[in-house]
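Visitor: predicted model and sequence follow; I will ask about them next.
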Amino acid sequence: MRVLKFGGTSVGSAERMQELVHLINDGVPKIVVLSAMSGTTNSLVEIANTLYAKENDAANRLIDALYLKYNDVIKQLYKTSEALNKSKGLLDSHFNYLRAFTMDLFTVNEERAILAQGELLSTTLFHYYLEEKNIDSVLLPALNFMRIDENEEPDMKYIETNIKSELAKYLNKKLFITQGYICRNAFGEIDNLKRGGSDYTATIIGAAIQSDEIQIWTDIDGMHNNDPRIVEKTHPIAELSFDEAAELAYFGAKILHPTCILPAQMRNIPVRLLNTMQPQAKGTVITSKISGDSIKAVAAKDGITAIKIKSGRMLLAYGFLRSVFEIFERYKTPIDMITTSEVAVSLTIDNTKNIDAIKKELKEFCTVEVETDLTIVCIVGSFTAEKQGYALRIFEALKNIPIRMISYGGSENNVSILVDSKLKKDTLIALNKGLF
Ligand code: ADP
Ligand code: ASP
Ligand code: MG
């Protein structure tokens, strides 16, 4: 069984949904994971924000505008009045559900329920379209098997058991459609896998059913060597190792959800990145194969905060770093980059929810400086310890960029540097010129 995930633009209009059928209707057994239609999740976030702000009229206007958009989609999507009426009923029930929130108390739980509507709509509309075309398919509700635990990690055991029992209900069926992004949390409430999470749904399902391949279909022909939104003349990379792809995804290559490579890597399942608009293009294949020493790609992650910690007590002492890291652990705050000298440690975080409490605890035994609006630029490839010259090439390319921190040698796949976010574009362009 294969898993194919189609992103927002791949289901972004009636025409795109109609085109999709040609990519999935080949008789090969598959689970198709769909995102919300492009723009929908952003609109739902906006609706939730206005509801938090108790601006009910504004929320209603946004809901009405989104409804009109979907109304146009169904008019173009279906030919029969039967399918059209059924989908009108579907829109009414989802949009009345959205409108009902304007009268009640609004919390994070209501917000998550609102954010789930995009994928529920896209999958059901697509399923109706397949029905209209007499293509046999089963709509699998993701909320019946996708679950995260109390640490917000996928609950793999639960998912494996439950998706298998869902699939077992339809032994002679070959085509399954399900929602990306949405799940239940440890309390059974509706939750999600964070923005871009449909990629993660696909790799989690792929791992749970030990799929032979996971395909991520999007609007570009694979992982490019640099951010195509910022740098001109980027090119697709034919092959990446799991480690390289994981670094790129984690450090900002938007084509993949930050943590979606891990489930595929754990079960050694190839991940293929393909372009819906150009299905013949080779795209990128991600496997356990390590393909030679080279610099493969560059990615950037914004919204980084640096914390600089200094203490005389660090000199010739042991146990100092443990006391520092324990604080971050207590506040469940992951550290991305770290560099040390004999009397100071600098590290970076992107989750600043608990920064005040962290600062307060650190200040009990060291001086602390915090700097915000920084960007990690990550250079990914295979940098084996024996090979020389990579650092020279990277820093030669960056000779005109002021660098705040450098991390080299942490893994064989990654050199990271920290720059002021204002210099992100210049940094990516300089690296493109110097490295590729
Ligand atoms: P989807 O809706 O299909 O999930 P996304 O917008 O999440 O699509 O991801 C695809 C987009 O990621 C591309 O259109 C491209 O602009 C952006 N992107 C950023 N960095 C890269 C990269 N290194 N390679 C390819 N695409 C990238
Ligand atoms: N619809 C969700 C989002 O826009 C999930 C996804 O597209 O992967 O973030
Ligand atoms: Mg995406």
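Guide: Looks like it arrived, so ask away. Ligands and ions are numbered 1, 2, ... in the order given.
Visitor: for M37, give its distance to ligand 3.
Guide: For M37, the distance to ligand 3 equals 13 Å [CB to the ion, to the nearest Å]. In short, each C-beta sits where N, CA and C put it, glycine included.
Visitor: wait, doesn't that residue sit right on S122?
Guide: Yes. M37 lies in contact with S122 (CB atoms under 8 Å); the separation is 5.2 Å.
Visitor: between the two, which contacts overlap?
Guide: V11 (CB atoms under 8 Å, 6 or more residues apart in numbering).
Visitor: how far away is the residue nearest to G180 when sequence neighbours are not counted from ligand 2?
Guide: Using CB to CB, 6 or more residues apart in numbering and skipping the chain neighbours, the partner closest in space to G180 is S198 (2.5 Å). With distances taken as CB to the nearest ligand atom, to the nearest Å, S198 is found 3 Å from ligand 2.
Visitor: so what's the residue count around S198?
Guide: 29 (other CB atoms under 10 Å).
Visitor: ok, it to H257 distance?
Guide: S198 sits 8 Å away from H257, going by CB to CB, to the nearest Å.
Visitor: repeat that for I74.
Guide: 29 Å.
Visitor: more crowded one of the two?
Guide: Taking neighbours as other CB under 10 Å, I74 and H257 compare with H257 leading, 23 against 20.
Visitor: ok, and what's touching the helix or strand of the chain with the lowest mean pLDDT?
Guide: Scoring the helices and strands of the chain by mean pLDDT, DSSP states H and E places strand 405-411 at the bottom, with a mean of 89. Here strand 405-411 makes contact (CB under 8 Å, 6+ apart) with 243, 247, 306, 337-339, 346, 348, 383, 385, 391, 414-418.
Visitor: from those, which has minimum pLDDT?
Guide: Across these, the bottom pLDDT score, 70, is held by A385.
Visitor: that one reaches D293, doesn't it?
Guide: No. Taking CB under 8 Å as the definition, A385 is not a contact partner of D293, at 10.7 Å.
Visitor: and the two? which has more neighbours close in?
Guide: Under the criterion of other CB under 10 Å, the comparison of A385 against D293 puts D293 first, with 14 against 7.
Visitor: now N354: how far from K332?
Guide: Look at N354 and K332: by CB to CB, they are 8 Å apart.
Visitor: all helices for the chain, in order.
Guide: 14-24, 40-52, 56-77, 81-100, 108-115, 117-132, 156-168, 198-208, 242-250, 261-266, 320-330, 355-362, 390-397, 424-435 (DSSP state H).
Visitor: send the alpha carbons of the shortest one over as CSV?
Guide: What follows is helix 261-266 as a C-alpha-only set of coordinates in CSV (Å, rounded to 0.1, in the frame of the first residue of the first chain):
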residue,chain,number,x,y,z
ILE,A,261,11.0,12.7,8.0
LEU,A,262,11.5,10.8,11.3
PRO,A,263,8.6,8.3,11.0
ALA,A,264,9.7,7.3,7.4
GLN,A,265,13.3,7.1,8.5
MET,A,266,12.5,4.9,11.5
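Visitor: alright, I will stop here.
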